[in-house]
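Trainee: When you get a sec, could you give me coordinates for this:
(one chain, ligands or ions: 1)
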Amino acid sequence: MRLSRFFLPILKENPKEAEIVSHRLMLRAGMMRQEAAGIYAWLPLGFRVLKKIEQIVREEQDRAGALELLMPTLQLADLWRESGRYDAYGPEMLRILDRHKRELLYGPTNEEMITEIFRSYVKSYKSLPLNLYHIQWKFRDEQRPRFGVMRGREFLMKDAYSFDLDEAGARRSYNKMFVAYLRTFARMGLKAIPMRAETGPIGGDLSHEFIVLAETGESGVFINRDVLDLPVPGEDVDYDGDLTPVIKQWTSVYAATEDVHEAARFEQEVPEAKRLNTRGIEVGQIFYFGTKYSDTMKAMVAGPDGVDVPIHGGSYGVGVSRLVGAIIEACHDDAGIKWPEAVAPFRVAILNLKQGDAAVDGACEQLYRDLSAKGVDVLYDDTDQRAGAKFAAADLIGIPWQILVGPKGLADGKVEVKRRSDGSRDNMSPADVVAKLA
Ligand SMILES: Nc1ncnc2c1ncn2[C@@H]1O[C@H](COS(=O)(=O)NC(=O)[C@@H](N)CS)[C@@H](O)[C@H]1O
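Mentor: Next up is the predicted model:
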């Protein structure tokens, strides 16, 4: 992509409404624009990151055996009356009347709808286990939307729903999602810690929140630091095997959100030097809620003995749009964002430090062609800004690799390669750069 032809409205100043660094940097880096309280337009740079995060989530859901579909954002109010959540959900629910005065709502979550889909087709335990998921926009009329995409009103969520014959089966489904979440967040360069949590409006009695440690996080957390060094299962993990050893390993080290924290146990179990009380960002939450929805909505299957029983369910959410902010909170410095390569909007930025100089222009065009030909996502800053402005922009938007092309270096057949994450620099020939980064 040539920057001269891209759409990247970088802001010079820090927007005053931004209270936390991710909100500030997303606005300054031209990644998004607020259209209404808690409602954002995703501009090209931000949208590229959102899609990369979405794709990692999708790949790990698929690896765990979940099946992707897409449910609508609008739902019938009557569906929620069946489960009894229509009134219980409260003012966070955006209720809508259509032209025929039919009562609809903008879905804050989809337990009711997926249960309706399931019960319409599945009648036998032989079709189980089943895990259906989608990646869809949600609306929650948060009383105080804030911190940019961290607490939005319209936000992108991956929500998966599992169906099993009994609790034992549902726990196996739960464990698969637990492992899939460990892998998902690790692939984004995050340490997301699974913590016991309250179940709230979703219901049930078993839930874990996956929390990324960050000073600006809304959740207070108490952990044994050892949990930060536990191994994440590899991509060869056997989802049809016994996952309980992994679950046990990750749940036997103390990690709890403040609303389920047990101070006495914490002091007793965790050596002083390993105790960490900080804050964190909830990037995902998983729930086992048994027959909460299948009872009220009559989602039954015939068991092995032929008798109809309500299925045991669970739901599993990831805050896809929240993750864009969470990753910035975890990966930034004073100059701007430091994208982990797996989610970066572009992998390489080529900075032409003397636009109009034939040798420099030529070398940049050649690098742009060679890297693009090898499938590398390149942003070529071919604008006529001063070099200093180009350095600042590249650092702000956080592209992992910068290739600085200037007349002096070129005279020696060299260009400078800067790694954004640690600031390290290296001089090498353009050919070596292509070999290194392709
Ligand atoms: N207002 C919000 N803005 C941005 N992300 C949010 C918001 N509310 C929730 N999320 C994200 O969505 C994830 C799942 O939301 S949830 O309420 O915990 N779970 C559910 O809704 C379940 N139905 C999961 S299928 C959260 O872990 C969080 O990362």
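Trainee: alpha carbons only for contacts and neighbour counts from here, please
Mentor: OK.
Trainee: Show me which residues of the chain sit near the ligand.
Mentor: Within the chain, the positions near the ligand by Cα under 6 Å from any ligand atom are 109, 149-153, 155, 157, 159-160, 282-285, 315-319, 322.
Trainee: Among those, which are located in strands?
Mentor: Counting by DSSP state E, the residues of the chain next to the ligand place 155, 157, 159-160, 282-285, 315-319 in strands.
Trainee: dump the residue contacts of K274.
Mentor: Contact analysis of K274 by Cα atoms under 8 Å, 6 or more residues apart in numbering lists N224, R225, D226.
Trainee: now that we have these, which one has the most neighbours?
Mentor: Counting neighbours by other Cα atoms under 10 Å, N224 comes out on top of these with 20 neighbours.
Trainee: so that one bridges to which residues?
Mentor: Beta-bridge partners recorded for N224 (DSSP bridges): R275.
Trainee: And stretch 45-53, what's buried?
Mentor: Residues of stretch 45-53 classed as buried: L45, G46, F47, R48, V49, L50, K52, I53 (neighbour count, 16 or more other Cα atoms under 10 Å).
Trainee: pretty sure the fourth one is touching V324, no?
Mentor: Read it as R48. No. The criterion here is Cα atoms under 8 Å, and R48 misses it with V324 at 10.5 Å.
Trainee: how near is I223 to I193?
Mentor: According to Cα to Cα, to the nearest Å, I223 stands 9 Å off from I193.
Trainee: Now do the shared contacts for these two.
Mentor: Common contacts of I223 and I193 (Cα under 8 Å, 6+ apart): A255.
Trainee: The two - which one has more neighbours?
Mentor: Neighbours were counted for I223 and for I193 using other Cα under 10 Å; I193 has more, 27 against 22.
Trainee: for that one, what are its contacts?
Mentor: Here I193 is in contact with E209, F210, I211, V212, V227, L228, A255 (Cα under 8 Å, 6+ apart).
Trainee: of the residues you listed, buried ones?
Mentor: E209, F210, I211, V212, V227, A255.
Trainee: Please report how far the closest residue to the first one other than its chain neighbours lies from Y181.
Mentor: On the basis of Cα to Cα, 6 or more residues apart in numbering, the spatially nearest residue to E209 that is not a chain neighbour turns out to be Q285, at 4.2 Å. Relative to Y181, Q285 is positioned 9 Å away (Cα to Cα).
Trainee: Comparing the two, which shows the higher neighbour count?
Mentor: Y181 (28 against 24).
Trainee: Tell me which helix or strand comes right after the helix or strand hosting the more buried one.
Mentor: Assigned by DSSP states H and E, Y181 falls within helix 167-187. Sequence-wise, the next helix or strand downstream of helix 167-187 (DSSP H and E) is strand 192-196.
Trainee: between that following strand and helix 167-187, how many degrees?
Mentor: If you take axes from the mean of the first three to the mean of the last three Cα atoms, to 10 degrees, strand 192-196 sits at 150 degrees to helix 167-187.
Trainee: Please save the CA atoms from the helix or strand just after strand 192-196 in CSV.
Mentor: Sequence-wise, the next helix or strand downstream of strand 192-196 (DSSP H and E) is strand 206-213. This file holds the C-alpha atoms of strand 206-213, laid out as CSV (Å, rounded to 0.1, in the frame of the first residue of the first chain):
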residue,chain,number,x,y,z
LEU,A,206,-19.0,-22.1,36.4
SER,A,207,-17.2,-19.3,34.6
HIS,A,208,-13.7,-18.1,33.9
GLU,A,209,-12.7,-14.6,32.7
PHE,A,210,-9.5,-14.3,30.6
ILE,A,211,-7.8,-11.2,31.8
VAL,A,212,-4.8,-9.2,30.4
LEU,A,213,-2.9,-7.4,33.1
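Trainee: tell me what strand 206-213 is packed against?
Mentor: The elements that strand 206-213 packs onto, with contact taken as 3 or more Cα pairs under 8 Å, 6 or more residues apart in numbering; DSSP states H and E, are strand 192-196, strand 275-290, helix 320-330.
Trainee: which neighbours does it have in its sheet, and in what orientation?
Mentor: strand 192-196 (antiparallel), strand 275-290 (antiparallel).
Trainee: And for that strand, what's in contact with it?
Mentor: For strand 206-213, contacts defined as Cα under 8 Å, 6+ apart pick out 181, 190-199, 278-289, 326, 330.
Trainee: secondary structure class for Q75?
Mentor: Following DSSP: H, G, I helix; E, B strand; the rest coil, Q75 is assigned to strand.
Trainee: Test of understanding: give the bridge partners of it.
Mentor: Beta-bridge partners, per DSSP bridges, of Q75: L105.
Trainee: List the contacts of it.
Mentor: So, once contact is read as Cα under 8 Å, 6+ apart, Q75 ends up touching L104, L105, Y106, G107, M113.
Trainee: Tell me the secondary structure at C364.
Mentor: helix.
Trainee: tally of neighbours for it?
Mentor: 26.
Trainee: Next one: the closest residue in space to L104 that isn't next to it in sequence from the ligand, what distance?
Mentor: Using Cα to Cα, 6+ apart and skipping residues adjacent in sequence, the residue nearest L104 is L76, 4.5 Å away. Computed with Cα to the nearest ligand atom, to the nearest Å, the distance linking L76 and the ligand is 17 Å.
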